[in-house]
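All I have is the shape, not the residue letters:
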C-alpha cells in the first residue's frame, strides 16, 4: 500500500528544526501532543468529543474562517459552506487532513496579517505528509478524507510554486478518484461534488502544463456539468445552478481543446481532420454567449458606477468601464467571461502555431480585454482582495500577446507582484506553462 502514494516532499528534505521541534496541537500551538484531544491517528476520541474539544481550545494563528475563503482555494463559485463545514468535519475524522487544513489556514493568516510563526504552517504541512504516509502504509482503507488530504496538499504546493510535487499529488488523486468513486457516486453529496471539482481543476492544470490529455476521461467532466444542468431545469430561477452549469461547460471546453491539440501533436489526428475539428470547435466557442441563460444579459447585475475610482498611473486599460463588470449574484461570472476569452485566445494562438499560419491580429485586443477584466475584479467594491487569485491565470495568457514595450510590461509586473503579495509564489507560472507548451508544439 505504501507504494500507492509517494510523497513528493520528504521529511528529511525539510529544515532540521521541523523534525526536532515538537509539533503543536492544530488547535492549540502552545500545547504538546499529549495534552491535545486531537492526538495522532488512532486516538480514542469520538468525533463529537473532538468537536467539543475544538471549541474549547484556542485556535492557532491561521485557523480563522475570516482568513480563508473559497477564493483562496481557486473555486470559481461560492464554496464557503464546503470549506467551513464539510471540510472541517472530515478533518476532525482524519488527522492528516486536519494538519493540512490548519497549516493552510496558518499560511493564509501569515500572508494576510504579516505576523505569526513563519515555520508554523510548514510544520503542519510536514506533519500532514508524514501522518498520511503512515495511514497509507498501515493499509487503512482510503476514504473521502484521504482524497481531500491529497487535494489540500496540492493546493499548498501550487501556492509554493512546487509544481513537481503538485503533479505527483494530482496523479495520486487520480488513482484515488478511480478507486473510491464513479461518475454517479461522486455526485451523491455536496462534499463529493466539491471533491470532483477540486480534482478536475488540478487535472486541467496538469494537462496544460504537459501538453497531454487530462487523466480523467471526458465523462467525469460532463457528469458534473450535466448534474447542474439537470438542477437548472428543475429550478429555473436558481442563479447558482446556472453559474455552476456555465462553469461545468467551461471545463468541458478546456478538455475538448487540450484533447484536440494533444492528439494532433501525437499524430493521432490527420491535418485534414484537425482542421475540421478546429473549425467545429471555433464555431462552438463563438456560440457560447448566444447559448447563455438570459439572466447573464440582465443589466441589473452589471456594475455601472464604481464607488472607489482610482486608476493607476500609466494604466493600460479602463477598469471602470460602465457595465463592464458583473455584480451581486453574478459576480462569479466575471471569471467565466475571462476564462472564455483566454480559451479563445489560446485556441487561436495554438492553432496558428500548429498549422504554420500567421498569428491572428485580434490577439492583442483579446489580451487587453483580459487585462481590463482582471483590473476590474481587483477594484471591485464587492469582491475581496483575494478574488484576483482566481484570475491570475489570465495574466499569463494576456502577457503573451500584449505589446512588449515598457508600459505594458511594467503593468503586468505590478499585477503579478500583487498576486505574489497574496501568497501565490509563482504567479507567472501559467505563462511559463504556455511557453513550454509552445516549445512542444514547435
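Received, thanks. Treat the numbers as computed from the prediction; the structure is a model and nothing was measured. Residues are numbered from 1 along each chain as shown.

how many other residues sit next to residue 331?
20 (other Cβ atoms under 10 Å). Yep, even glycine has a C-beta here, placed from its N, CA and C like the rest.

Figure out how far stretch 223-242 is from the centre of its chain.
Centroid separation for stretch 223-242 versus its chain: 22 Å, with Cα atoms, centre = their mean, to the nearest Å.

just for the stretch 301-442 of the chain, where's the confidence low?
For the stretch 301-442 of the chain, the stretches with pLDDT under 70 are 308, 426-442.

Contacts for stretch 78-89 next, please.
With contacts defined as Cβ atoms under 8 Å, 6 or more residues apart in numbering, stretch 78-89 is touched by 47, 65, 68-70, 73, 97, 101, 148, 190-191, 194, 240, 332.

how about 7 Å then?
Residues from elsewhere that reach stretch 78-89, judged by Cβ atoms under 7 Å, 6 or more residues apart in numbering: 65, 68, 69, 70, 73, 101, 148, 190, 191, 194.

Ok, stretch 351-367 next?
Residues outside stretch 351-367 that contact it (Cβ under 7 Å, 6+ apart): 264, 278, 341, 344-345, 348-349, 398, 401-403, 438, 441.

switch to 10 Å and redo it
Surrounding stretch 351-367, the residues in contact under the criterion Cβ atoms under 10 Å, 6 or more residues apart in numbering are 257, 260-261, 264-265, 271, 274-275, 278-279, 281-282, 316-317, 341-342, 344-349, 394-395, 397-403, 408, 437-438, 441-442.

Out of those residues, which end up buried?
Neighbour counting with 16 or more other Cβ atoms under 10 Å marks 257, 260-261, 264-265, 274, 278, 281, 316-317, 341-342, 344-349, 394-395, 397-402, 408, 437 as buried within these.

Return the subset of those lying in strands.
Using DSSP state E, the subset of these located in strands is empty.

and the residue nearest the centre of the chain, what pLDDT?
Closest to where the C-alpha atoms of the chain average out (Cα atoms, centre = their mean) is residue 74, at 3.6 Å. For residue 74, the pLDDT comes out at 93.

Before we go further, it is sitting in a strand, right?
No. Going by DSSP: H, G, I helix; E, B strand; the rest coil, the assignment for residue 74 is coil, not a strand.

Looks like it contacts residue 389 (just checking).
Yes. Between residue 74 and residue 389 a contact is recorded at 6.5 Å, counting by Cβ atoms under 10 Å.

hey, what's in contact with both of those two?
159, 424.

In a strand, residue 309, correct?
No. Counting by three-state DSSP, residue 309 falls outside a strand, being coil.

Could you point out the helix or strand that follows the helix or strand containing residue 351?
Taking DSSP states H and E as the definition, residue 351 sits inside helix 333-355. Downstream of helix 333-355, the first helix or strand assigned by DSSP H and E is helix 363-379.

relative to helix 333-355, how tilted is the lengthiest helix in the chain?
Determined from DSSP state H, the single longest helix within the chain is helix 239-265. Put simply, helix 239-265 runs at 10 degrees to helix 333-355, going by axes from the mean of the first three to the mean of the last three Cα atoms, to 10 degrees.

which other helices and strands contact helix 239-265?
Contacts defined by 3 or more Cβ pairs under 10 Å, 6 or more residues apart in numbering; DSSP states H and E place helix 239-265 against helix 190-210, helix 218-234, helix 271-286, helix 333-355, helix 429-441.

For the second one, name the packing helices and strands.
Read that as helix 218-234. In terms of contacts (3+ Cβ pairs under 10 Å, 6+ apart), helix 218-234 is packed against helix 163-180, helix 190-210, helix 239-265.

rewinding a little: the helix holding residue 351 vs helix 363-379, what angle?
Orientation note: helix 333-355 sits at an angle of 160 degrees relative to helix 363-379 (the same axes, to 10 degrees).

Could you check the angle helix 333-355 makes with helix 190-210?
Angle of helix 333-355 versus helix 190-210, following the same axes, to 10 degrees, is 30 degrees.

how big is the angle separating helix 333-355 from helix 271-286?
If you take the same axes, to 10 degrees, helix 333-355 sits at 160 degrees to helix 271-286.

Return the distance of helix 333-355 from the chain's centre.
Between the centre of helix 333-355 and the centre of its chain there are 18 Å (Cα atoms, centre = their mean).

what sits against residue 251?
For residue 251, the contacting residues are 76, 197, 200-201, 203-204, 214, 218, 220-222, 224-225, 339, by Cβ under 10 Å, 6+ apart.

swap the cut-off to 8 Å and go again
Residue 251 touches 200, 204, 221, 224, 225, counting by Cβ under 8 Å, 6+ apart.

With distance to residue 160 and neighbour count as new columns, can those be given to me in TSV?
Compiled in TSV, these are given as follows (distance: Cβ to Cβ, whole Å; neighbours: other Cβ atoms under 10 Å):
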residue	distance to residue 160	neighbour count
200	21	21
204	20	18
221	27	25
224	28	23
225	31	18
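
Just send these back as CSV, with pLDDT and distance to residue 182 too.
Shown next, in CSV, are these (pLDDT from 0 to 100; distance: Cβ to Cβ, whole Å):
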residue, pLDDT, distance to residue 182
200, 97, 15
204, 94, 20
221, 97, 14
224, 97, 13
225, 96, 16
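
For residue 354, see how far away residue 265 is.
From residue 265 across to residue 354, the span is 8 Å (Cβ to Cβ, to the nearest Å).

If you could redo that for residue 191, that was the one I meant.
Distance, residue 191 to residue 354, by Cβ to Cβ: 41 Å.

Residue 126 too?
Using Cβ to Cβ, residue 126 is found at 43 Å from residue 354.

between the two, who's got more neighbours?
Higher neighbour count among residue 126 and residue 354: residue 126, with 23 against 18, using other Cβ under 10 Å.

what's the helix or strand for that one?
Going by DSSP H and E, residue 126 is part of helix 120-137.

Run through the neighbouring helices and strands of that helix.
Helix 120-137 sits against helix 16-20, helix 95-113, helix 144-160, with contacts defined as 3 or more Cβ pairs under 8 Å, 6 or more residues apart in numbering; DSSP states H and E.

which one of those lies closest to residue 421?
helix 95-113 (7.9 Å; Cβ to Cβ).

so what secondary structure elements neighbour the closest one?
Looks like helix 95-113 contacts helix 87-91, helix 120-137, helix 144-160 (3+ Cβ pairs under 8 Å, 6+ apart).

any idea of the mean pLDDT for it?
For helix 95-113, mean pLDDT rounds to 93.

buried set for it?
95-112.

Just want the phi and psi numbers for residue 76.
Backbone torsions for residue 76, taken as degrees, to the nearest 10, come to phi -70, psi -40.
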